[in-house]
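J.: when you get a sec, could you give me coordinates for this:
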Amino acid sequence: MPHDFSCIRHDCIGCAKTTENTLSYKRLSKGEHFPKGKCAQNCMLFVLKGELLINSEEYKETILIEKQFVLQGIGSYMEMRALTRVECVIFLFNELPLLCEDPYREIINNPQPPRTYVPLTMNVWIQRTIGELSELLRQDPQCPPYLALKSKELVHLLITEYPLPQLRTFFYPISSYKESFQYFVMQNYGRVKNVDEFAKLGGYTLTTFRRLFKAQYGIPVYEWILNRKREGILDDLQHTNQRMTELCERYGFDSLSHLAHFCKESFGDTPRSLRKRAANGEKIEIIHKS
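T.: Below you'll find the predicted structure:
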């Protein structure tokens, strides 16, 4: 069963609580290993001390050393092994916390796929900020609002202190995995009857799939599927002559009565009545409940 890199700890790799931006400081023992798993969020990994072997589609058998950092996109797979004692800061996020959107839009709207992925090296500003963050993250209690401000500072320095071509390459995993996940969704949503089946089809845990979907589409996956189902049924009723039994099978209803109930809730009438009304030129609309 694949693990989710929601946080790098043995007991909570599949933690369902990680839904927003998260900063954490980690010490890894020599030989500590995290099997290849799907990233539940975008992940920036900054190495402060030691040597960390990572393996992913982008960074194949790559050894990260002190002051190096990488980015893995949401939905990607990554494996890690500490070759020595390692200290690192991990930044997980769905959307980057930005002080100014313009520089980032210039980067992300024109991503540049690299021939070979190379870890970035912290400049003096990033190194100082990561050092401060590592100290803050070791304090107890921590101050979430202040950490949120520091994360914005970190991102601002990153997108303004490195050359644009280098940043377009660095952030390419975000755009590439975002597109691939959306492609998977659009190709397969009509084949599944429920969210659990949808998640299994893509090889995701249910929690991870819901998190990925909400991050990409802004609404819960079940609500999104219902909306697509309503649009599809309405289109078929208005523009095809498919039998009601065929519509039941196509859209995953167990019986004609279930289809009729769904149509009454969604459009205010039975499927046959809706088809007649559409044939008479009436425009049928989806009922949006407040």
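J.: point out where this protein drops to low pLDDT.
T.: 1-20, 177-179, 183, 289-290 (pLDDT under 70).
J.: center of it - which residue?
T.: Leu212 (3.5 Å; C-alpha atoms, centre = their mean).
J.: buried ones in the host helix or strand of it, by neighbour count?
T.: For Leu212, the element it lies in under DSSP states H and E is helix 206-217. Residues 207-216 are the ones in helix 206-217 that count as buried (16 or more other C-beta atoms under 10 Å). Placement of C-beta: from N, CA and C, glycine included.
J.: same for that helix, what does it pack against?
T.: helix 172-188, helix 195-201, helix 221-239 (3 or more C-beta pairs under 8 Å, 6 or more residues apart in numbering; DSSP states H and E).
J.: that older thread, just checking, the residue nearest to the centre of the chain touches Gly203?
T.: No - using C-beta atoms under 8 Å, Leu212 is not in contact with Gly203; the gap is 11.7 Å.
J.: if I read this right, Gln182 contacts Gln216, doesn't it?
T.: Yes - Gln182 is within contact range of Gln216, at 6.3 Å (criterion: C-beta under 8 Å).
J.: tell me how many other residues surround the nearest residue to Arg138 once chain neighbours are set aside.
T.: Closest residue in space to Arg138, ignoring its immediate chain neighbours: Tyr25 at 5.8 Å, by C-beta to C-beta, 6 or more residues apart in numbering. Neighbourhood size, Tyr25 [other C-beta atoms under 10 Å]: 18.
J.: how about Tyr25, secondary structure?
T.: Taken by DSSP: H, G, I helix; E, B strand; the rest coil, the conformation at Tyr25 corresponds to strand.
J.: now stretch 106-120: buried residues?
T.: 107-108, 111, 117, 119-120.
J.: and of these, the nearest to Ile54?
T.: Pro119 (9.0 Å; C-beta to C-beta).
J.: contacts only, for the nearest residue to that closest one once chain neighbours are set aside.
T.: Setting aside the residues directly before and after it, Pro119 is nearest to Gln68 in space (C-beta to C-beta, 6+ apart), at 4.2 Å. Going by C-beta atoms under 8 Å, 6 or more residues apart in numbering, Gln68 touches 46-47, 119-122.
J.: possible to save the residues you listed as JSON lines with secondary structure and distance to Arg272?
T.: Below are the contacts of Gln68 laid out as JSON lines (DSSP: H, G, I helix; E, B strand; the rest coil; distance: C-beta to C-beta, whole Å):
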{"residue": "Phe46", "secondary structure": "strand", "distance to Arg272": "62"}
{"residue": "Val47", "secondary structure": "strand", "distance to Arg272": "65"}
{"residue": "Pro119", "secondary structure": "coil", "distance to Arg272": "62"}
{"residue": "Leu120", "secondary structure": "strand", "distance to Arg272": "62"}
{"residue": "Thr121", "secondary structure": "strand", "distance to Arg272": "67"}
{"residue": "Met122", "secondary structure": "coil", "distance to Arg272": "66"}
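J.: would you mind giving the domain segments of the chain?
T.: 22-173, 222-279 (automatic domain parsing).
J.: nearest to Gly190, out of these?
T.: domain 222-279 (7.3 Å).
J.: okay, now Thr240: neighbour count?
T.: As a measure of burial, Thr240 has 11 neighbours, counting by other C-beta under 10 Å.
J.: apologies, that question was intended for Pro35.
T.: Other residues near Pro35 come to 12 when the count uses other C-beta under 10 Å.
J.: also Gly31?
T.: Applying other C-beta under 10 Å, I find that Gly31 has 10 neighbouring residues.
J.: confirm it sits in a strand?
T.: No - judged by three-state DSSP, Gly31 forms no part of a strand; its state is coil.
J.: contacting residues for it?
T.: 81-82.
J.: could you look up the SS state of Arg81?
T.: Going by three-state DSSP: Arg81 is strand.
J.: tally of neighbours for it?
T.: For Arg81, using other C-beta under 10 Å, the count is 18.
J.: so it touches Lys30, yeah?
T.: No - counting by C-beta under 8 Å, Arg81 stays clear of Lys30, with 9.5 Å between them.
J.: could you single out the most deeply buried of the domains of the chain?
T.: domain 22-173 (a mean of 17; mean count of other C-beta atoms under 10 Å).
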